[in-house]
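Asker: I'd like to go over a predicted model; first the sequence, then the structure.
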Amino acid sequence: MTLFRPTRRDILSMAAAMPALSLPARAMADLGAPAAANPAWFSFTLGDTRLTVVSDGHLVLPTNGLGVNADPEEVRAFLEAQFLSPDENYSHTNHLVIETGEAKVLVDVGSGNRFLPTAGRLFDNLDAAGIDAGEITHVVITHAHPDHVWGVRDDFDEAILPDAEYFIGGAEMDYWLTDDLVNQVPADAQQFVLGAVNSLNVDGAEWQRLSHETEVVPGVRVIDTPGHTPGHMAVVVESNGRQLIALGDSMSHAWTNFAHPEWYNNFDADGAQTVATRKRLLDMAATDRMAVLGYHFPFPGVGHVARAGDAYRFVPALWQW
């Protein structure tokens with residue numbers, strides 16, 4: 001099993017070449033960044049539960065990592081037809097804060113200052129949203145990739161939220177903490193293993209291991225969604241009969257994953273399992289009319305899954321003020 005084909009140098013080079021907060025003019029019909037920053041948080045309710053999507057920033061990666069099991073020209077043509085750049089995949093990083101009862105649950109902790117320079121803004125944006133990070137009671141990690149867990153350490157290599165309880169899938173933790181894993185993966189993946197190990201061994205975090213259907217707090221549970229990583233988990237929020245799935249990276253592209261659920265990406269550890277998991281999630285969300293939140297979907301990343309023949313489409317949720 002091969003993980004992470006692009007090297008960190010490749011990723012940083014691509015990011016450095018892109019103007020911050022820019023949109024490709026060819027694809028986006030001259031839509032550009034604003035003169036001042038746009039709001040980086042969005043609040044709504046699900047039943048009696050308050051939810052807030054808070055951004056950690058954005059990533060810009062080459063599109064040649066999308067649909068790696070498909071004809072590259074077909075992938076490029078599809079992206080262009082959706083008014084997307086065929087060369088640069090600009091993706092958002094949408095974190096979920098769940099406020100229910102006395103609990104404040106944060107899903108993933110972002111990349112901090114250890115990954116790409118366009119990300120690492122989560123805690124500033126929590127503050128802008130009026131959410132005191134010190135009041136976070138639970139942190140749930142969907143998987144241990146850099147943009148989801150590397151932000152767990154502060155500048156002193158201690159847990160950035162020392163008073164919170166920390167949760168991660170047991171299978172996910174077991175994988176990244178496999179003895180000598182760093183020497184069992186390709187050289188360009190070793191930095192990701194070391195980063196995950198350092199994050200999971202951070203001082204001040206006592207990890208609680210999750211399994212399928214474990215309830216973190218009343219109304220918040222996790223489900224197994226393996227493929228992108230061996231122990232990837234999604235988070236399900238339920239209140240008054242309404243449900244939302246925080247997908248993590250089990251689905252990471254709001255166009256390709258829906259129209260072509262059979263395509264997988266170069267960051268998916270097990271392509272076949274990723275596709276099987278995605279198809280199950282799409283069917284479940286469409287059948288049960290569950291809302292979804294995509295971590296890398298266009299901000300705020302909340303919407304629904306509609307059937308479209310043999311495939312699906314993402315339907316953004318209607319904002320309410």
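Answerer: Happy to help now that I have it. Residues are numbered from 1 along each chain as shown.

Asker: what about the helices in the protein?
Answerer: Taking DSSP state H as the test, the helices found in the chain are 8-17, 25-28, 72-81, 122-128, 146-149, 170-176, 190-200, 256-259, 271-288.

Asker: Redo those helices as CSV? Include mean pLDDT, mean neighbour count and distance to Val220.
Answerer: For glycine as for every other residue, the C-beta is placed from the backbone atoms N, C-alpha and C. Listed next are the helices of the chain as CSV, based on pLDDT from 0 to 100; neighbours: other Cβ atoms under 10 Å; distance: least, Cβ to Cβ, whole Å:
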stretch, mean pLDDT, mean neighbour count, distance to Val220
helix 8-17, 49, 14, 32
helix 25-28, 47, 14, 36
helix 72-81, 97, 15, 35
helix 122-128, 98, 19, 18
helix 146-149, 98, 25, 17
helix 170-176, 98, 19, 17
helix 190-200, 97, 19, 21
helix 256-259, 98, 23, 24
helix 271-288, 98, 17, 17
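
Asker: Any idea which of those gets closest to His296?
Answerer: helix 146-149 (8.7 Å; Cβ to Cβ).

Asker: chain center to the closest one, what's the gap?
Answerer: Chain-centre distance of helix 146-149: 8 Å, with Cα atoms, centre = their mean, to the nearest Å.

Asker: And the contacts of it?
Answerer: 56, 59, 93, 108-111, 114-116, 119, 141-143, 192, 195-196, 199-200, 248-249, 295 (Cβ atoms under 8 Å, 6 or more residues apart in numbering).

Asker: Just the ones of those in strands?
Answerer: Among those, the members falling in strands (DSSP state E) are Asp56, Leu59, Thr93, Ile141.

Asker: so how many other residues sit close to the third one?
Answerer: The burial metric for Thr93, expressed as a neighbour count using other Cβ atoms under 10 Å, is 25.

Asker: again with the last one
Answerer: For Ile141, the count of nearby residues is 27 (other Cβ under 10 Å).

Asker: where's the closest residue to it other than its chain neighbours relative to Gly101, distance?
Answerer: Using Cβ to Cβ, 6 or more residues apart in numbering and skipping residues adjacent in sequence, the residue nearest Ile141 is Ile168, 4.3 Å away. Noted for Ile168: a distance of 22 Å to Gly101, by Cβ to Cβ, to the nearest Å.

Asker: Can you pick out the residue with more neighbours from those two?
Answerer: Taking other Cβ under 10 Å, Ile168 and Gly101 do not tie; Ile168 has more neighbours (25 against 11).

Asker: how close does Ala35 get to Phe42?
Answerer: 21 Å.

Asker: Show me where the protein dips below the pLDDT cut-off.
Answerer: For the chain, the stretches flagged by pLDDT under 70 are 1-30.

Asker: mind redoing it with 90?
Answerer: For the chain, applying pLDDT under 90 flags the ranges 1-33, 36-37, 188, 319-321.

Asker: related to what we said a few turns ago, how about the helices of the chain, which one is nearest Leu244?
Answerer: Per Cβ to Cβ, nearest to Leu244 of these: helix 271-288, 9.5 Å.

Asker: Can you list the helices and strands that the closest one packs against?
Answerer: strand 242-246, strand 291-293, strand 302-308 (3 or more Cβ pairs under 8 Å, 6 or more residues apart in numbering; DSSP states H and E).

Asker: ok, and what's touching that helix?
Answerer: 68-69, 225-228, 232, 234, 243, 245, 247, 250-251, 257-258, 261-265, 268, 290-292, 304-307, 312.

Asker: Contact partners for the nearest residue to Leu244 once chain neighbours are set aside?
Answerer: Using Cβ to Cβ, 6+ apart and skipping residues adjacent in sequence, the residue nearest Leu244 is Ala291, 4.1 Å away. Shown in contact with Ala291 (Cβ under 8 Å, 6+ apart): Leu46, Arg242, Gln243, Leu244, Ile245, Ala285, Val302, Gly303, His304, Ala317.

Asker: what's the closest of the residues you listed to Val182?
Answerer: Among these, Ile245 lies closest to Val182 (Cβ to Cβ), at 32.3 Å.

Asker: beta partners of that closest one?
Answerer: Val236, Val292 (DSSP bridges).

Asker: What count of nearby residues applies to it?
Answerer: Neighbourhood size, Ile245 [other Cβ under 10 Å]: 24.

Asker: No further questions, thank you.
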